[in-house]
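Asker: predicted model and sequence below, questions to follow.
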Amino acid sequence: MSHWDRFQKYFVRYSNLGFSIDISRMAFEDDLFSKMAGRIESAYKAMTELEAGAIANPDEQRMVGHYWLRNARLAPNDALQQEISETLAATLKFAADIHAGTVTAANGKKFTRVLVVGIGGSALGPQLVANAITPANPPLSISFLDNTDPDGIDRVVAQIGDELATTITLVISKSGGTKETRNGMLEAEAAYKAAGLDFAKHAVAVTGAGSELDKHSTAQGWLARFPMWDWVGGRTSLMSAVGTLAAALQGVDVLQFLAGAAAMDVETRQRPASENAAMLLALMWHHAGKGQGLKDMVVLPYKDRLVLFSKYLQQLVMESLGKEHDLDGKVVNQGIAVYGNKGSTDQHAYVQQLRDGVNNFFVTFIEVGKARDTASIEVDPGFTTGDYLQGFLRGTRKALAEKGRESITLNISELNAFNLGMLIALFERAVSFYASLVNINAYHQPGVEAGKKAATDFLAQLAKVRAELTVTGRTADEVAAKLGIDPEDAYHMLNHLAANAQAKMVLTGDSPALDQFAAP
Ligand SMILES: O=P(O)(O)OC[C@H]1O[C@H](O)[C@H](O)[C@@H](O)[C@@H]1O
């Protein structure tokens, strides 16, 4: 069969949405659909139950409700439907009050900037939206504190400068207890205080009811609090107040963003697999990686404003699918690695390996029809930069295909709120379908807790190591023996303390075991 015939055979287009998916350059056999029919059927059944309010996250005994966020009528009861609708209305009203100057900074002036403090799903989605679909001259600019790196925090606070006086800070944390976010909140509060500003009068919480952050923000009398629910995972929370509040403050058309997601949901809820873009993605992932994630997903949008899409999908895909056990408790070590930035830029970075090197990936091209909103100059007689961008996408896809490297191409007409909503809904549902195909729970994240606990242990030991420092100096072995901890851990802690003026290295031996550290 010619490429042209295969392209036409498998090409799926939702003309009403200006969307299409091309899987023809994936080297699956024609009997893929029949071979997978049983698992496809189970995936559709699981999806129907999930959207009807089943406990689709059995490990945490929770419903999975992110699809309801863009169509509240789907929620399984009136109370939830009302809560979703009222929260959306409240975020839009709050943003309108900020824009109108009904709600102002403590100095009576309109807010001009929003500072988001969050991490993981409480930052990646808002960062994607801010980068991709914020209007050219947004009513509020945006900054992010998305890590517990003091140097990074200092840079953001310095960039905001005096504008802090008209900056509204959104502290976003579903659990309300994530330490990086708590630290960012305290650092932001310190910056406001240092500027003689009352943080509470510039702060808003987006968190679960009754969380540490909820209690704190209520006790401190912050401007507002918006809810997060336990039936929305962090990585699928962008269409809750996590994403809608920051988006609305920046002048994004939130209702169009949600409408795009809802429209893609309609197309991908129950269509037969061969016409269902989300099921097609899930099946291509399964084919490429043999159901074990053996090939990485390279995300290559040929649009600068989608450069954060791969980072967003890293969490959505890898935190959902990267699981040790399947639903039957069998050890499966599932997952699909995701990386990428943007084309054609990445052609000058790693595409060399994609074409000629190890064939351990498949590419997902994202093609955006409309090149720009303004008129184009000619960079060659008759050609524009947009022509080049399209040429590089098509050329790279062809060059990869010639060497047996697989790719999927998604096409949207232009980059706007509706179409970004569509893309996010598409991948959310593809993740749900894929998880069913490989029989895993896509909605919990046990592995993340392990890291959090190890960090807590590290901090407890760091305090003891610091207390062990004397004027004369101690080696890591001596400190470890005294405290009964791992000598290498002790060594790294002593170096951390020395690098930050909380210890000093008094002797450098010819092996780390001889290095001596003393009190500063
Ligand atoms: O929103 P928070 O509760 O602060 O959680 C922030 C992030 O923490 C962990 O990394 C979770 O695995 C993520 O899913 C979550 O987005």
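Answerer: Great, that's in hand. Keep in mind it's a predicted model, so treat the numbers as computed, not measured.

Asker: CA atoms for contacts and neighbours, from now on please.
Answerer: Will do.

Asker: now the strands for this structure?
Answerer: Assigned by DSSP state E, the strands in the chain fall at 12-14, 19-25, 113-117, 141-145, 167-173, 203-208, 224-228, 296-301, 338-339, 361-368, 407-412, 474-475, 504-507, 516-518.

Asker: make CSV out of these and add mean neighbour count.
Answerer: Below are those laid out as CSV (neighbours: other Cα atoms under 10 Å):
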stretch, mean neighbour count
strand 12-14, 17
strand 19-25, 21
strand 113-117, 24
strand 141-145, 22
strand 167-173, 28
strand 203-208, 25
strand 224-228, 21
strand 296-301, 24
strand 338-339, 20
strand 361-368, 23
strand 407-412, 22
strand 474-475, 24
strand 504-507, 18
strand 516-518, 23
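
Asker: dump the C-alpha coordinates for stretch 111-122 into PDB.
Answerer: Presented in PDB, the C-alpha positions along stretch 111-122 are these (Å, rounded to 0.1, in the frame of the first residue of the first chain):
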ATOM      1  CA  PHE A 111      -3.500  44.500  40.500                       C
ATOM      2  CA  THR A 112      -1.000  44.300  37.600                       C
ATOM      3  CA  ARG A 113       0.700  41.000  38.100                       C
ATOM      4  CA  VAL A 114      -0.200  37.500  39.400                       C
ATOM      5  CA  LEU A 115       2.400  35.400  41.200                       C
ATOM      6  CA  VAL A 116       1.600  31.700  41.200                       C
ATOM      7  CA  VAL A 117       3.200  29.600  43.900                       C
ATOM      8  CA  GLY A 118       2.800  25.900  43.200                       C
ATOM      9  CA  ILE A 119       4.500  22.800  41.900                       C
ATOM     10  CA  GLY A 120       3.700  19.800  39.700                       C
ATOM     11  CA  GLY A 121       0.100  20.000  38.500                       C
ATOM     12  CA  SER A 122      -0.400  23.100  40.500                       C
END
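
Asker: how about the residues of the protein near the ligand?
Answerer: Counting by Cα under 6 Å from any ligand atom, the residues of the chain close to the ligand are 119-122, 173-176, 178, 234-235, 445, 448.

Asker: neighbour-wise, which one of the residues you listed leads?
Answerer: Ser173 (30 neighbours; other Cα atoms under 10 Å).

Asker: contacting residues around that residue?
Answerer: Ser173 makes contacts with 118-119, 122, 181, 205-208, 213, as judged by Cα atoms under 8 Å, 6 or more residues apart in numbering.

Asker: from the residues you listed, which single one is nearest Gly473?
Answerer: For the contacts of Ser173, the residue nearest Gly473 by Cα to Cα is Thr181; the value is 35.6 Å.

Asker: once you drop chain neighbours, what's closest to that closest one?
Answerer: Gly118 (5.1 Å; Cα to Cα, 6 or more residues apart in numbering).

Asker: so what's the one you found up against?
Answerer: Going by Cα under 8 Å, 6+ apart, the list of residues near Gly118 reads 144-147, 171-173, 180-181, 184.

Asker: and the contacts of Ser173 as CSV, adding distance to Asp328 and pLDDT?
Answerer: CSV is the format used below for these (distance: Cα to Cα, whole Å; pLDDT from 0 to 100):
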residue, distance to Asp328, pLDDT
Gly118, 34, 98
Ile119, 31, 98
Ser122, 30, 98
Thr181, 35, 97
Ala205, 38, 98
Val206, 35, 98
Thr207, 32, 98
Gly208, 30, 97
Leu213, 36, 97
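
Asker: which of the residues you listed lies closest to Met284?
Answerer: For the contacts of Ser173, the nearest to Met284 is Ser122 (29.0 Å; Cα to Cα).

Asker: just to revisit the earlier point, out of the contacts of Ser173, which comes closest to Leu313?
Answerer: Looking across the contacts of Ser173 and measuring by Cα to Cα, the closest to Leu313 is Ser122, at 13.8 Å.

Asker: doesn't Gly176 make contact with the closest one?
Answerer: No: counting by Cα atoms under 8 Å, Ser122 sits too far from Gly176 to count as a contact (10.7 Å).

Asker: Gly386: neighbour count?
Answerer: So Gly386, with other Cα under 10 Å, has 17 neighbours.

Asker: for Ala72, same thing?
Answerer: For Ala72, using other Cα under 10 Å, the count is 20.

Asker: list of residues touching the worst-scoring helix or strand of the chain on mean pLDDT?
Answerer: Lowest mean confidence among the helices and strands of the chain (mean pLDDT, DSSP states H and E): helix 446-467, at a mean of 91. Applying Cα under 8 Å, 6+ apart, the contact partners of helix 446-467 are 323, 479, 483, 490, 493-494, 497, 502-503, 519.

Asker: quickly list what Phe517 is bridged to.
Answerer: Arg474, Met505 (DSSP bridges).

Asker: my read: Ile104 touches Ala95, true?
Answerer: In this structure residue 104 is Thr, not Ile. No: shown here, Thr104 and Ala95 do not form a contact pair, counting by Cα under 8 Å, at 11.0 Å.

Asker: so which residue is dead centre in this structure?
Answerer: Tyr312 (3.3 Å; Cα atoms, centre = their mean).

Asker: put the alpha carbons of stretch 416-427 into PDB.
Answerer: Taking C-alpha atoms only, stretch 416-427 is exported to PDB below (Å, rounded to 0.1, in the frame of the first residue of the first chain):
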ATOM      1  CA  ASN A 416      -6.200  29.500  20.700                       C
ATOM      2  CA  ALA A 417      -8.000  28.700  24.000                       C
ATOM      3  CA  PHE A 418     -10.500  26.300  22.400                       C
ATOM      4  CA  ASN A 419      -7.900  24.300  20.600                       C
ATOM      5  CA  LEU A 420      -5.500  24.100  23.500                       C
ATOM      6  CA  GLY A 421      -8.500  22.800  25.500                       C
ATOM      7  CA  MET A 422      -9.000  20.200  22.800                       C
ATOM      8  CA  LEU A 423      -5.400  19.000  22.900                       C
ATOM      9  CA  ILE A 424      -5.400  18.700  26.700                       C
ATOM     10  CA  ALA A 425      -8.700  16.800  26.700                       C
ATOM     11  CA  LEU A 426      -7.400  14.500  23.900                       C
ATOM     12  CA  PHE A 427      -4.300  13.500  25.900                       C
END
